[in-house]
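**Student:** take this sequence and fold it.
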Amino acid sequence: MRVGNDFYLTASSFNSTPGLPILHSKDLINWRIIGHALQYQTPINVFAKPQHGNGVWAPAIRYHDNYFYIFYPDPDYGIYMTKARNPAGPWTAPLLIKSAKGWIDPCPFWDDDGNAYLVHAFANSRAGIKSVVHIAKMTPDGTKVLDDDRLVFDGHEHHPTIEGPKLYKRNGYYYIFAPAGGVPTGWQTVLRSKNIYGPYEDKIVLDQGQTQVNGPHQGAWIELKSGESWFIHFQDRGAYGRIVHLQPMQWLNDWPVIGIDKDGDGKGEPVAVYKKPNVGGKYPVGVPQTSDEFAVHSLAPQWQWHANSDRSWASLVDRPGWLRLNSIPLPLEAVNLWSVPNLLLQKLPAPTFTLTTKVDANGLLPNEEAGVVMMGMDYSYLAVVKTESGFRLERTICQDAPKGNEETEESGLDLADGALYLRIVVGPDAICRFSYSKDGRKFTEIGEPFKAREGRWIGAKVGVFGVSLTQAKQRGHADFDWFRFEPYR
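**Tutor:** Numbering: from 1, shown residues only. From the prediction side, this is the model:
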């Protein structure tokens, strides 16, 4: 959304915390993470364990009456609302405004007459229905749904799995922008009506066409001060997650046309290159944060845990300039890392890259390990392990982790001590190669190449971890000096 000369974006964060990242831009091109709206997920005890694919589904961010609002769904609990005066925070504790199972993808709308509404879709896995869009009335302050929601559009015939609705008003029409057809395979539908409750006309305004951008949908219409319209959406790229795209948008006969309409039928396809939005100025290149020198006393905003975090997991003050990961005992039910909450991860920043970190694992106790991991439903890691006799470097892999499969040690070697440089080189098609170095200059590859795989509704994530393979009360630790991304080489 746009507020004045600034643009803000949030996104699904599922089980990760902090959740609901807030990104800021001045030109719709260059973005930085400025904070998170959700520090912990509720219920606290439920999300103390990884809840892969659960938690925060598709949210909507809006500005109304001098407040920034985010409405987000938890498909198992209902619709939550949080608000803030400053988008960087602090945000209010999430308020459950509608207890419901299977309500998803809410978007608030404040009409010209002061009435407020909430549009939403359904998750078949919880509600037993899908492919329909409903609207309910709510209090103007967004704290309560006032009546039973009403069906306004049935997409079963032409727009199966219609979801992610965003509600707008223009030239006397109510518009619902809603993707359909499924995340990796679908298209962008727009509905319009003179009455908020319908009946709604429907039109596909964007699909893949002849491009490589599969499933272009689940987005937002942005209108600039210059009068230009733009559309932000995502593309599912498997291990790389959901990649954000920006499309030009025109209005023709009170219908939006998104992307490039080559045959004039009112349905566009994504552009590969286009002139930047006219925002009245030029701004420097900026990307979401990636590398970290661990030079400040709080975690940088690119990092997320796999569950609600505990302060005992990490410290940036015990050894200034280093990230200390304490060796947290594996959950009793853990057979692999899928059920481990204290994985500190971030999104893949590019199709290809080199990731290197410097670790001092000499503080580990026997039967503890720490290292770097490429995490997903398949995962692989390179870790320093403290044994009863010394240190060992182990390259480990796990296939189909959600099925409870055990890890396999693929390669290993004994070490003189626990200080080492660890590297993951990610090449085309998310092929990962792991290597290590004692001096930070000459790296030796270890193990076979590994193909990164997506997680549950998210891309693969890369990061660090430290665990204990026992339930011993005394715990060791490993320290990480920095975590740096560089070009693929």
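**Student:** got the domain boundaries for this protein?
**Tutor:** 2-258, 304-486 (automatic domain parsing).
**Student:** export those domains to CSV and tack on mean neighbour count, mean pLDDT and distance to residue 273?
**Tutor:** In this view, the C-beta of every residue, glycine as well, is placed from N, C-alpha and C. Output for the domains of the chain, formatted as CSV (neighbours: other CB atoms under 10 Å; pLDDT from 0 to 100; distance: least, CB to CB, whole Å):
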stretch, mean neighbour count, mean pLDDT, distance to residue 273
domain 2-258, 19, 97, 11
domain 304-486, 19, 97, 17
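**Student:** do you have the strands of the stretch 101-250 of the chain handy? List them.
**Tutor:** Along the stretch 101-250 of the chain, the stretches classed as strands by DSSP state E, counting those that start in this stretch are 103-110, 116-122, 132-138, 150-154, 166-170, 173-180, 187-193, 201-206, 217-223, 229-236, 242-252.
**Student:** and of those, who's closest to residue 454?
**Tutor:** Residue 454 lies closest, by CB to CB, to one member of these: strand 229-236, at 8.6 Å.
**Student:** need the CA coordinates for that closest one. CSV is fine.
**Tutor:** Only the C-alpha atoms of strand 229-236 are listed here, as CSV (Å, rounded to 0.1, in the frame of the first residue of the first chain):
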residue,chain,number,x,y,z
SER,A,229,-1.4,2.3,-11.4
TRP,A,230,0.8,-0.7,-10.5
PHE,A,231,0.3,-4.2,-9.4
ILE,A,232,2.5,-6.2,-7.0
HIS,A,233,2.2,-10.0,-7.0
PHE,A,234,4.2,-13.1,-6.4
GLN,A,235,5.4,-16.2,-8.3
ASP,A,236,6.0,-19.5,-6.7
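**Student:** output the contacting helices and strands for it.
**Tutor:** strand 217-223, strand 242-252, strand 255-258 (3 or more CB pairs under 8 Å, 6 or more residues apart in numbering; DSSP states H and E).
**Student:** again, only using 6 Å
**Tutor:** Counting contacts by 3 or more CB pairs under 6 Å, 6 or more residues apart in numbering; DSSP states H and E, strand 229-236 is packed against strand 217-223, strand 242-252.
**Student:** closest one to residue 274 among the domains of the chain?
**Tutor:** It's domain 2-258; of the domains of the chain, that one is closest to residue 274 (CB to CB) at 5.7 Å.
**Student:** now do the end-to-end distance for the closest one.
**Tutor:** From its first residue to its last, domain 2-258 covers 18 Å (CA to CA, to the nearest Å).
**Student:** over to stretch 20-36?
**Tutor:** End-to-end for stretch 20-36, by CA to CA: 5 Å.
**Student:** distance from the chain centre to stretch 382-400, please.
**Tutor:** 29 Å (CA atoms, centre = their mean, to the nearest Å).
**Student:** apologies, that question was intended for stretch 223-230.
**Tutor:** Taking mean C-alpha positions (CA atoms, centre = their mean), stretch 223-230 and its chain are 27 Å apart.
**Student:** what helix or strand is residue 273 on?
**Tutor:** Residue 273 belongs to no helix or strand when assigned by DSSP states H and E.
**Student:** I should have written residue 435 there, sorry.
**Tutor:** Short version, using DSSP H and E: residue 435 is in strand 431-437.
**Student:** and for that strand, what's in contact with it?
**Tutor:** With contact meaning CB atoms under 6 Å, 6 or more residues apart in numbering, strand 431-437 is reached by 374, 382, 395, 420-426, 443-447, 449-452.
**Student:** any idea how far residue 57 is from the closest residue in space to residue 230 that isn't next to it in sequence?
**Tutor:** Leaving out its chain neighbours, the residue that sits closest to residue 230 by CB to CB, 6 or more residues apart in numbering is residue 222, at 4.8 Å. The gap separating residue 222 from residue 57 is 22 Å, by CB to CB, to the nearest Å.
**Student:** next: residue 430.
**Tutor:** 25 Å.
**Student:** again, but for residue 417
**Tutor:** From residue 417 to residue 57 the distance is 46 Å (CB to CB).
**Student:** could you do residue 108 as well?
**Tutor:** Distance from residue 108 to residue 57, by CB to CB: 16 Å.
**Student:** and if you look at residue 247?
**Tutor:** As for residue 247, its distance to residue 57 is 23 Å (criterion: CB to CB).
**Student:** what's the answer for residue 458, then?
**Tutor:** 12 Å.
**Student:** got JSON lines for the strands of the stretch 101-250 of the chain, with distance to residue 474 too?
**Tutor:** Shown next, in JSON lines, are the strands of the stretch 101-250 of the chain (distance: least, CB to CB, whole Å):
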{"stretch": "strand 103-110", "distance to residue 474": "45"}
{"stretch": "strand 116-122", "distance to residue 474": "50"}
{"stretch": "strand 132-138", "distance to residue 474": "53"}
{"stretch": "strand 150-154", "distance to residue 474": "60"}
{"stretch": "strand 166-170", "distance to residue 474": "52"}
{"stretch": "strand 173-180", "distance to residue 474": "52"}
{"stretch": "strand 187-193", "distance to residue 474": "56"}
{"stretch": "strand 201-206", "distance to residue 474": "58"}
{"stretch": "strand 217-223", "distance to residue 474": "48"}
{"stretch": "strand 229-236", "distance to residue 474": "45"}
{"stretch": "strand 242-252", "distance to residue 474": "42"}
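**Student:** residue 301: which of those is closest?
**Tutor:** strand 242-252 (16.7 Å).
**Student:** who touches that closest one?
**Tutor:** 28, 229-237, 256-259, 270, 274.
**Student:** now the angle from the host helix or strand of residue 413 to strand 431-437?
**Tutor:** Per DSSP H and E, residue 413 falls inside strand 408-415. On the basis of axes from the mean of the first three to the mean of the last three CA atoms, to 10 degrees, strand 408-415 is oriented at 20 degrees to strand 431-437.
**Student:** with just CA atoms, put strand 408-415 into CSV.
**Tutor:** C-alpha atoms of strand 408-415 as CSV (Å, rounded to 0.1, in the frame of the first residue of the first chain):
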residue,chain,number,x,y,z
THR,A,408,22.3,-39.6,7.2
GLU,A,409,25.9,-38.6,7.7
GLU,A,410,27.2,-38.3,4.2
SER,A,411,30.9,-37.3,4.9
GLY,A,412,33.0,-36.4,7.9
LEU,A,413,36.5,-35.8,9.1
ASP,A,414,38.3,-35.2,12.5
LEU,A,415,39.3,-31.7,13.4
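**Student:** brilliant, that's me finished.
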